[in-house]
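Asker: Fold the following for me, if possible:
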Amino acid sequence: MADRVAVISEGAIRQYDTPQRLYQHPVDQRLASFLGEANLVEATIEGGMATTAFGRSPSTSNPAGPAAVWCLSGPSRSCCTSTPAPTS
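Answerer: Residues are numbered from 1 along each chain as shown. The predicted structure is shown next:
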């Protein structure tokens, strides 16, 4: 396995990072789903905490103010992103 991996989509580099960071902190939902099992949940981030329909937990995302986001959970994975949810 390489020290760094570039994920390219539609002719653009989506993320360039270590394999572990790509898996644990993908930049968006599309990449998260591509890399493995991904459960996406709507959340609101404020004060370093993500609030979902299932409760509150610390957030790895830190927007400037309250923000609507999507959170990812799965085996060894947890992150939040402000990008729109993927459409089927």
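Asker: Please make it C-alpha for all contacts and neighbour counts, starting now.
Answerer: Will do.
Asker: who's Ser9 bridged to?
Answerer: Ala12 (DSSP bridges).
Asker: Now for it, how many residues are close by?
Answerer: For Ser9, the count of nearby residues is 11 (other Cα atoms under 10 Å).
Asker: Begin at 9 from now on, thanks
Answerer: Got it, first residue is 9 now, which makes that one Ser17.
Asker: Might you list the low-confidence residue ranges for the chain?
Answerer: Applying pLDDT under 70 to the chain flags the ranges 9, 68-76, 80-96.
Asker: Which stretches in it count as strands?
Answerer: 13-17, 20-25, 47-54, 57-60, 63-66, 75-82, 85-89 (DSSP state E).
Asker: tell me the most buried of those strands?
Answerer: The highest average neighbour count among those, using mean count of other Cα atoms under 10 Å, belongs to strand 85-89 at a mean of 22.
Asker: Kindly check the end-to-end length of stretch 53-65 for me.
Answerer: Between the opening and closing residues of stretch 53-65 lies a distance of 10 Å (Cα to Cα, to the nearest Å).
Asker: Next: stretch 22-32.
Answerer: First-to-last distance for stretch 22-32 - Cα to Cα - comes to 15 Å.
Asker: And for stretch 65-77?
Answerer: 13 Å.
Asker: Let me know whether Ala58 touches Thr52 as I believe.
Answerer: Yes: in this structure, Ala58 is within contact of Thr52 by Cα atoms under 8 Å, at 5.6 Å.
Asker: ok so, going back, quick one: which of the strands of the chain is nearest Ala40?
Answerer: Taking Cα to Cα, strand 75-82 is the member of those nearest to Ala40, at 7.7 Å.
Asker: and Val15, how far is that from Arg29?
Answerer: Taking Cα to Cα, one finds Val15 at 12 Å from Arg29.
Asker: no wait, Glu45
Answerer: Glu45 is 15 Å from Arg29, by Cα to Cα.
Asker: swap in Val49?
Answerer: 20 Å.
Asker: Compute the number of surrounding residues for the nearest residue to Leu43 once chain neighbours are set aside.
Answerer: Using Cα to Cα, 6 or more residues apart in numbering and skipping residues adjacent in sequence, the residue nearest Leu43 is Tyr31, 6.4 Å away. Tyr31 sits with 20 neighbouring residues when counted by other Cα under 10 Å.
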